[in-house]
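Asks: what follows is a predicted structure for the sequence shown.
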Amino acid sequence: MRAVVTVVGKDKPGIIAKVSTLLYENGINILDISQTVMSNDMFTMIMLVDMNTASAGDVSAKLTELAGEVGLSIHLQNEELFNSMHRI
Amino acid sequence: MINPFEIIETINMIDKENLDIRTITMGISLKNCTDPNVDKACEKIYKKITSYARNLVKVGCEIEEQFGIPIINKRISVTPVATVIDALDEPDTEKCLKIAKTLDSAAKEVGVDFIGGYSALVHKGFTKGERILIESIPEALAKTDIVCSSVNIGSTRAGINMDAVALMGSTIKKAAELTKDNGGFACAKLVVFCNAVEDNPFMAGAFHGEGEGDCVINVGVSGPGVVKCALEKVKGEPFGAVAETIKNTAFKITRMGQLVASEASKRLGVPFGIVDLSLAPTPAVGDSVAYILEEMGLEKCGTHGTTAALALLNDAVKKGGVMASSYVGGLSGAFIPVSEDAGMISAAKSGALSIEKLEAMTCVCSVGLDMIAVPGDTTADTISCIIADEAAIGMVNSKTTAVRIIPAPGKTVGDTVEFGGLLGSGPVMSLNKYQGAEFIARGGRIPAPLQSLKN
């Protein structure tokens, strides 16, 4: 399954390092990364990843834990969700 | 890769605007579970439900995890149970209760939130089993936890069965009495319909219709909060812009419903039925249909202009949603349950929203008078009159209408009844004090209107 990892919050050093380390440790391959600063200086990083054999539930739980530690909002969602909502 | 702004939009909808899938409902036919012997019938029902729905909750949770979308309820709807009762040898209330308890325990065994279908369709007349089932409803709802019941008493094609209307008035009263320690909670699990639909995934009115297959997956979306937030961006603009904004939003919400429905159907190996593109509120602040109407420019929901605002909303939701799903069905529109909607509760408490205005609103919303608490001393006849009015609106306008009303025991106007959870809390609303007992006592059937003759 391909999934989208979204990181949103105030910018600070080490966000990419921490998230990508966690993904690497779970055998997840990063296919694409884009980083944008939206309105109100909101840092957003969006990664397209290949989950390989990793379980979405487990990785989501770990990401939520990390999100709590660094004060950011992190989501992992199947890519299909965005395709179906925004593409006909 | 997908546009980051679209990704953030979706995440905001889920995180901040309460977008969720309200329910995945598995419809299961009980047509092959009938038996003259009640114990055998119960055994068949229990076996079928627990085997068909054994993975429903698991699959729902998996989809929730993988797509990051909250799926609030997993539910089951079954063929109107009157079908099973009619096949019994000498049916009686005791046997009905046995079946109700079987439904309750089968649903609990598979871990769903509700099971609907303790129902009868009597819009033209009663069979013996149907009458017995209706008589057993108060006790069945009081003695089970997650069983929901509905009765269809009228339709555009058949007219209104006024004997059934009379019976439902006293049934609702009795259900309230039997659960008087919980504010008449049983009534929150009982809906009286006109023009009931066969594929509604929402409770308490869900049942698996006569024309449905053996098993089906129906999905109900939600998302009033998302529509409200979208409308904040078009403040002061003309109604064309309002309608367009609602349509765009409804499209996206429904696409999510379609995705979840097709995933659930694939993973469970069960045919996909419909997506019900209803805006279903919850008592959470920011998840209210009333606030959408207020966002359009009304000071308080229930004031003059509310019916027009709701008509626009209901229509735009359908227009936006219909292209987003291959099969749209169920009730599909905007719900206006008073106790389940923070804005409605506030409007009713402040006196802006009366039952008369709600009745007018039901002419243009997707269902009817929903989750309305009325004084405990309301007579059965008055409740029957309310049902008859609501059924007449449905019959004449060829739409579904319903009454889910709670004559809260011991409560009077100004009190509040707490139901908890998704059912919320309802301020007790005042009713017209004049009676219609002689009107109800006539009995018989109100003939189908001219608009039923379409052939």
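Replies: Great, that's in hand. Numbering: from 1, shown residues only, chains lettered A, B, ... in the order given.
Asks: who in chain B is up against chain A?
Replies: By the rule Cβ under 8 Å from any Cβ of the partner chain, the part of chain B lying against chain A is B:1-8, B:10-11, B:15, B:62, B:65-69, B:252, B:255-256, B:258-259. C-beta: built from backbone N, CA, C; applies to glycine.
Asks: report the buried members of the residues you listed.
Replies: Among the residues of chain B next to chain A, those scoring as buried are B:2, B:4, B:7-8, B:10-11, B:62, B:65-69, B:252, B:255-256, B:258-259 (criterion: 16 or more other Cβ atoms under 10 Å in any protein chain shown).
Asks: okay, now the unreliable bits of chain B?
Replies: For chain B, the stretches with pLDDT under 70 are B:1.
Asks: would you map out the domains in it?
Replies: B:22-194, B:220-452 (automatic domain parsing).
Asks: how about those, which one is nearest residue A:23?
Replies: Proximity to residue A:23, assessed across the domains of chain B by Cβ to Cβ, is greatest for domain B:22-194 (15.7 Å).
Asks: gap between the two ends of that closest one?
Replies: One end of domain B:22-194 to the other measures 23 Å (Cα to Cα, to the nearest Å).
Asks: same question for stretch B:73-85.
Replies: Terminal residues of stretch B:73-85 lie 28 Å apart, using Cα to Cα.
Asks: what is the burial count for residue B:454?
Replies: Residue B:454 has 8 neighbours, counted by other Cβ atoms under 10 Å in any protein chain shown.
Asks: in a strand, it, correct?
Replies: No - counting by DSSP: H, G, I helix; E, B strand; the rest coil, one finds residue B:454 to be coil, located in no strand.
Asks: so where's the longest helix in the chain?
Replies: I'll assume chain A. Longest helix in chain A, counting residues (DSSP state H): helix A:56-70.
Asks: oops, wrong one, chain B.
Replies: As assigned by DSSP H, the longest helix anywhere in chain B is helix B:239-268.
Asks: measure the nearest residue to residue B:336 once chain neighbours are set aside to residue A:33 for me?
Replies: In space, and not counting its chain neighbours, residue B:336 is closest to residue B:365: 5.0 Å by Cβ to Cβ, 6 or more residues apart in numbering or on different chains. Using Cβ to Cβ, to the nearest Å, one gets 46 Å for the distance from residue B:365 to residue A:33.
Asks: who has more neighbours out of the two?
Replies: Remark: of residue B:365 and residue A:33, residue B:365 carries more neighbours, 27 against 15, as counted by other Cβ under 10 Å.
Asks: which residues touch the more buried one?
Replies: B:310, B:314, B:333-336 (Cβ atoms under 8 Å, 6 or more residues apart in numbering or on different chains).
Asks: one more: residue B:451?
Replies: Contacts for residue B:451 were tallied using Cβ under 8 Å, 6+ apart; they are B:156, B:396, B:398.
Asks: among the residues you listed, which are located in helices?
Replies: Cross-referencing those against helices under DSSP H gives residue B:396.
Asks: nearest to chain A among the contacts of residue B:451?
Replies: Using Cβ to the nearest Cβ, the shortest approach to chain A within the contacts of residue B:451 belongs to residue B:398, at 30.8 Å.
Asks: enumerate every residue touching the closest one.
Replies: Residue B:398 makes contact with B:156, B:195, B:451, according to Cβ under 8 Å, 6+ apart.
Asks: show the backbone phi and psi for it.
Replies: phi 50, psi 40 (degrees, to the nearest 10).
Asks: with the one 10 residues further on instead?
Replies: Backbone dihedrals for residue B:408, given as degrees, to the nearest 10, come out at phi -70, psi 110.
Asks: could you give the bridge partners of the residue nearest to it when sequence neighbours are not counted?
Replies: Spatial nearest neighbour of residue B:408, excluding adjacent residues (Cβ to Cβ, 6+ apart): residue B:417 at 4.5 Å. According to DSSP bridges, the partner residues bridging residue B:417 are residue B:426.
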